[in-house]
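Chemist: Sequence and predicted model, in that order:
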Amino acid sequence: QVQVVESGGGLVQAGGSLRLSCATSERTFSDYAMGWFRQAPGKEREFVAAISRSGGQSYSAEFVKGRFTISRDNAANTLFLQMNSLKPEDTAVYYCAAVRARFTTQVYTQQSNYDYWGQGTQVTVSS
């Protein structure tokens, strides 16, 4: 069982920045494609960004393009989400997810693609 643990959430003012991290227990972290999702109060969980095993390919939701950047450090078994220019509507619980990927270039954007999920980290953006 792969364990996934998010950290880095918190309270920030609009326009501020946060960097989320996601650590995994998996020594073969580079075998896994990774993704970030979020769930705001009263809303469905939605896709934020995803990255391939190698880190060479990534894809972000339209509403975060130009503001959020997904990256990974395979040597440190860690996934990141750098969030800049935060808005109150970015307030949500942010989840990290992992799936063992066959190909190094695959990027997954659907929740159903992922097998392992973290407990989430709260991000609150005040206006």
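Modeler: In hand now; what should we look at?
Chemist: Which helix or which strand is home to the closest residue to residue 35 other than its chain neighbours?
Modeler: Leaving aside its sequence neighbours, residue 35 sits nearest to residue 50 (CB to CB, 6 or more residues apart in numbering; 3.9 Å). Placement of C-beta: from N, CA and C, glycine included. Using DSSP states H and E, residue 50 sits within strand 46-51.
Chemist: Please apply the same query to residue 12.
Modeler: Here residue 12 sits within strand 10-13, counting by DSSP H and E.
Chemist: For the most centrally placed residue in the chain, which non-adjacent residue is spatially closest?
Modeler: By CA atoms, centre = their mean, the mean C-alpha position of the chain lies nearest to residue 36, the distance being 2.4 Å. Sequence neighbours aside, residue 48 is the residue nearest to residue 36 in space, at 4.2 Å (criterion: CB to CB, 6+ apart).
Chemist: Name all residues that make contact with that neighbour.
Modeler: Listed by CB atoms under 8 Å, 6 or more residues apart in numbering, the contact set of residue 48 reads 35-38, 60-61, 64, 68, 70, 81, 94.
Chemist: I'm done for today, thanks for sticking with me.
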